[in-house]
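J.: Below are the sequence and a predicted model for it; my questions follow.
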There are 2 protein chains.
Amino acid sequence: MQPYVLIVEDEDALATLLEYNFTKEGYDVGLAGDGEEALLLAAERTPDIILMDWMLPKLSGVEACRRLRRREETRNTPIIMLTARGDETDRITGLDYGADDYLVKPFSIPELFARTRALLRRSQPSLLEDIIRQGDIEIDVKAFRVKCGDTQVHLGPTEFRLLDHFMRHPGRVFSREQLLDAVWGRDVYVEARTVDVHIGRLRKAIKKTRKVDPIRTVRSAGYAFEIAA
Amino acid sequence: MQPYVLIVEDEDALATLLEYNFTKEGYDVGLAGDGEEALLLAAERTPDIILMDWMLPKLSGVEACRRLRRREETRNTPIIMLTARGDETDRITGLDYGADDYLVKPFSIPELFARTRALLRRSQPSLLEDIIRQGDIEIDVKAFRVKCGDTQVHLGPTEFRLLDHFMRHPGRVFSREQLLDAVWGRDVYVEARTVDVHIGRLRKAIKKTRKVDPIRTVRSAGYAFEIAA
DNA sequence: TAGAAGTGTCACATAACTGTAATACACTTG
DNA sequence: CAAGTGTATTACAGTTATGTGACACTTCTA
């Protein structure tokens, strides 16, 4: 749904400033105060992008960077380094150790946004799309609308998020647990069977204007979204 | 209609910064990295205004300027030169070769906006028209007037700003928090539910002369303005 | 300065959505 | 085909979000 940005910054004032701005811009924000915490948080939920301070307590930004690159899940996660010094040496070191971009403090928030978007566009274009289309089904995330062909379809919030998630990963099979994580949220306790019910509701809503069901049930595995070929 | 601004700037950071700000301000933005690209883009779609860096690869700003002036479509298009040097010589040369204004880097974004608006007002006043129309609803921002069809509608200040905001972003869903930010102001502490009340008041005022409600409630997300399709 | 207009909150009614459990159905396998 | 396992569907009760009128308070306006 929303891009998840992990902000690793030990300076409190800057951290809250960033958190405020990114939240407002529509990102999910995770905050870590040092390198170790960053690794933990990143393991818990893989970020879509990481902003990392160069100087960090416990584990420097560069080192954290290196370790993130060693992990499968974060190997290709874009990282932007925030550095106080501006000299060429740092730049090269930072980019060498796996950062994708860097910004020298003090930087402007709009510029940070611009770079963030640029990197996200490269790594996960679908996260920035406002309109996602699969076959004749189309959702507009900003407007919260769903269309099947030319007909508007009304969905409840959960069904909307569910469809959104499916359409961003067409063809892939998700277990009920994965769907709960992605659509309901990590720390929500809900029966796995509840997913079935919402899948049913989503199907029913779509069926009104579309004959073929785009959701495939994979017995004993989960569900997948696919437009019939 | 949004004004189309062509930004010609080879320095990436500045280019993204400008793109970001102009887009946010409601302009259509075209980006060119050098003089040649600028000429191509300008030929493709005639800009309403051009921001051009003085120093450019391939084709200097001054030269690009001259060539633009030779073309019929861009003969009267306002051009703002962005220059790093501030000396009188450059200024005169720049203006001689057809720039309408110039700014010395570093400049402030608001000032750039001000000059842009000034030039646009001179060349294409209609683009800055303070009348916004969506379907049969029309508001005159300067005069604080709202019309539904031919009937005047009276709105309180808050409802007016609310409608203004909605009509500038038709179709898009805004959360209560976003609306508070945009309509009430950043540092005003007001209950989120107060938005509901004002939405209600706005609806009631519009309903007097219009049967269909142009404001869509999106449960658990916020409100959106849209003229029924 | 009185009256009008506008503002922000609250309380309550209502509508929309959720999660669960029960039941019916489908598929697999021996 | 019968048992066993997994999924679809339905009904429902609980929960949450929204619509609205009332009201006290502030800010204009004549």
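T.: Good, I have the coordinates.
J.: what helix or strand does the closest residue to chain B within chain A sit in?
T.: Relative to chain B, the nearest point of chain A is residue A:114 (3.7 Å; CB to the nearest CB). Where you see a C-beta, it was placed from the backbone N, CA and C, and this is true even at glycine. Following DSSP states H and E, one finds residue A:114 within helix A:109-123.
J.: for that helix, packing partners?
T.: On a contact count with 3 or more CB pairs under 8 Å, 6 or more residues apart in numbering or on different chains; DSSP states H and E, helix A:109-123 meets helix A:12-24, strand A:49-53, strand A:79-83, strand A:101-104, helix A:125-128, helix B:12-24.
J.: Nearest to DNA strand D among the ones you listed would be which one?
T.: DNA strand D lies closest to helix A:12-24 among the helices and strands packed on helix A:109-123, at 17.5 Å (CB to the nearest atom of the strand).
J.: what about that closest one, average pLDDT?
T.: When pLDDT is averaged over helix A:12-24, the result is 90.
J.: Would you mark the buried spots in that helix?
T.: Buried residues in helix A:12-24, counted by 16 or more other CB atoms under 10 Å in any protein chain shown: A:15, A:18, A:19, A:22.
J.: What about DNA strand D: which of those residues touch it?
T.: Judged by CB under 7 Å from any atom of the strand, the overlap between these and the neighbourhood of DNA strand D is nil.
J.: In CSV: those, plus distance to DNA strand C.
T.: Below are the buried residues of helix A:12-24 laid out as CSV (distance: CB to the nearest atom of the strand, whole Å):
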residue, distance to DNA strand C
A:15, 28
A:18, 28
A:19, 24
A:22, 25
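J.: how far away is the residue nearest to the spatial centre of chain A from residue A:124?
T.: Centroid check for chain A by CA atoms, centre = their mean gives residue A:3 as the closest residue, at 3.3 Å. Distance, residue A:3 to residue A:124, using CB to CB, to the nearest Å: 7 Å.
J.: again with residue A:9
T.: Distance, residue A:9 to residue A:124, using CB to CB: 22 Å.
J.: what about these two, which has more around it?
T.: residue A:9 (24 against 17; other CB atoms under 10 Å in any protein chain shown).
J.: What pLDDT does the model give the more buried one?
T.: Residue A:9 is assigned a predicted lDDT (pLDDT) of 95.
J.: In this structure it contacts residue A:83, no?
T.: No. Using CB atoms under 8 Å, residue A:9 makes no contact with residue A:83, being 11.6 Å away.
J.: anything in contact with each of these two?
T.: Residues touching both residue A:9 and residue A:83 (CB atoms under 8 Å, 6 or more residues apart in numbering or on different chains) are residue A:53.
J.: related to what we said a few turns ago, any common contacting residues for residue A:3 and residue A:124?
T.: Applying CB under 8 Å, 6+ apart, one finds that residue A:3 and residue A:124 are jointly contacted by residue A:48.
J.: on that earlier part again, just the CA coordinates of the helix holding residue A:114, formatted as CSV?
T.: Taking Å, rounded to 0.1, in the frame of the first residue of the first chain, the C-alpha atoms of helix A:109-123 are listed here in CSV:
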residue,chain,number,x,y,z
ILE,A,109,12.9,18.3,2.4
PRO,A,110,11.6,18.7,-1.1
GLU,A,111,15.0,17.6,-2.5
LEU,A,112,14.9,14.6,-0.2
PHE,A,113,11.5,13.8,-1.4
ALA,A,114,12.6,14.1,-5.0
ARG,A,115,15.5,11.7,-4.5
THR,A,116,13.4,9.3,-2.5
ARG,A,117,10.8,9.2,-5.3
ALA,A,118,13.5,8.8,-7.9
LEU,A,119,14.9,5.8,-6.2
LEU,A,120,11.5,4.3,-5.5
ARG,A,121,10.6,4.8,-9.1
ARG,A,122,13.6,2.7,-10.0
SER,A,123,13.2,0.0,-7.5
